[in-house]
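>>> Kindly return the folded structure for what I paste below:
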Amino acid sequence: MIRAIIFDLDGVLVQTEKIKALSYGIAAQRLLDLPQPDTRAIEAYREIVGAARKIATSHVMEKVGLEAKLRPLMAKYGVSEPWQVLSTIRVSIYNEMVADPQFVRDNKWPHSVQLLRFAKEASCQTALVTMSPHDEVIHIVHSLELEREFDLMLTGEDVSRSKPDPEIYLLAAKRLGLPPGECLVLEDSVNGVKAALAAGMNVIAMATPFTWARLHSEKLLAEEWTVHDPTKLAETVRRRIAEHNRNDS
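Below is the predicted model:
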């Protein structure tokens, strides 16, 4: 039986991935004195969606060739590594964009949020499992007024290894008191899908403009469990649960 539905945050409940990508583009724009956000930074983030902040920021830094610009700024920002400078600049830009709760609500995925009600009706526990930092997660959840909707919330600070390592999903199952096979995960990134599958969980992928190409090229899931139309999400979740419960009986 499926007894828990686990939600990723970025790209699943709210469209923060496009906001984070733009914040990287603006950060590179300012560092390189460009007239527009740097599309190379945006594309580099697209390649690493779902990873922890250090991994994602380091990837963007290397892809765009920013280290020479960042290293002289380490003392100014009080950090010891170049990627931390980029992270500080990027996070400041991101925080400015999401400071307004209404902006966050305007960028939510409504069909995913509605699934929280379905989960309760189906007597499933709910969890939010994301590699995003705790403070960012709390702000987004508060802005969406979802504080009471989750039985469990795990963030990047709760584990030592980033997705695609299954650590955070295995921890979620342990905290929920369930075998991994009784959990259904909603993920949008290749890293997230790999992590949930490696943990032995059932997975539905939500293909977003930032993740659909890699989801298809890597063929991690059967096509029927990759959702392109958000209006089909609830129907797909119901089918996935029904199929699993039939096979489990």
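
>>> host element of H216?
Using DSSP states H and E, the secondary-structure element containing H216 is helix 212-218.

>>> quick one, helices of the chain?
Under the criterion DSSP state H, the chain contains helices at 16-32, 39-48, 53-64, 67-70, 74-77, 82-98, 101-106, 110-121, 134-143, 167-176, 190-198, 212-218, 233-248.

>>> can you list those helices in TSV and add distance to V159 and mean pLDDT?
The way it works is simple: take the backbone N, C-alpha and C, and place the C-beta from them, glycine included. Converted to TSV, these look like this (distance: least, CB to CB, whole Å; pLDDT from 0 to 100):
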stretch	distance to V159	mean pLDDT
helix 16-32	20	94
helix 39-48	17	93
helix 53-64	13	96
helix 67-70	27	98
helix 74-77	26	97
helix 82-98	18	96
helix 101-106	25	92
helix 110-121	23	88
helix 134-143	12	93
helix 167-176	5	98
helix 190-198	10	96
helix 212-218	23	88
helix 233-248	26	90
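
>>> out of those helices, deepest packed?
Comparing the helices of the chain by mean neighbour count (mean count of other CB atoms under 10 Å), helix 190-198 comes out on top with a mean of 24.

>>> Give me the residues contacting that helix.
Contacts with helix 190-198, where a contact means CB atoms under 8 Å, 6 or more residues apart in numbering, come from 6, 8, 48-51, 162-169, 185, 187, 203, 205, 211, 214-215, 218, 220-221.

>>> now stretch 21-30
Applying CB under 8 Å, 6+ apart, the contact partners of stretch 21-30 are 34-42, 44-46, 60, 64, 66, 86, 89-91, 93-94, 97, 210.

>>> and the chain, what are its domains?
4-15+103-248, 17-100 (automatic domain parsing).
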